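Novice: What follows is a protein structure lacking sequence information:
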């Protein structure tokens, strides 16, 4: 860590883009769609 860096300057910089899953990807082993998972999560956390 740079002791002389100003606030926020010592943050890591990630050059690689985030990996995005295909739109038709389904998690295993449940086979639910993203929309179904989102609905379950929303139901659980209100």
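Specialist: Noted; the coordinates are in hand. A quick note: this is a predicted structure, and the numbers were derived from the prediction, not measured.
Novice: what about residue 22, which SS state?
Specialist: When classified by DSSP: H, G, I helix; E, B strand; the rest coil, residue 22 comes out as coil.
Novice: list the contacts for it?
Specialist: Listed by Cβ atoms under 8 Å, 6 or more residues apart in numbering, residue 22 has no contact partners. No exception for glycine: its C-beta is placed from N, CA and C like everyone else's.
Novice: Tell me how far it lies from residue 45.
Specialist: 26 Å (Cβ to Cβ, to the nearest Å).
Novice: got the end-to-end distance for stretch 18-25?
Specialist: End-to-end distance of stretch 18-25: 16 Å, with Cα to Cα, to the nearest Å as the criterion.
Novice: Would you mind checking the average pLDDT for it?
Specialist: In this model, stretch 18-25 has an average pLDDT of 83.
Novice: The protein: helices as residue ranges?
Specialist: In the chain, the helices defined using DSSP state H lie at 34-45.
Novice: Tell me where the model's unsure across it.
Specialist: For the chain, residues meeting the criterion pLDDT under 70 lie at 1-12, 26-29.
Novice: Got phi/psi on residue 17?
Specialist: phi -70, psi 160 (degrees, to the nearest 10).
Novice: Compute the number of surrounding residues for it.
Specialist: Neighbourhood size, residue 17 [other Cβ atoms under 10 Å]: 6.
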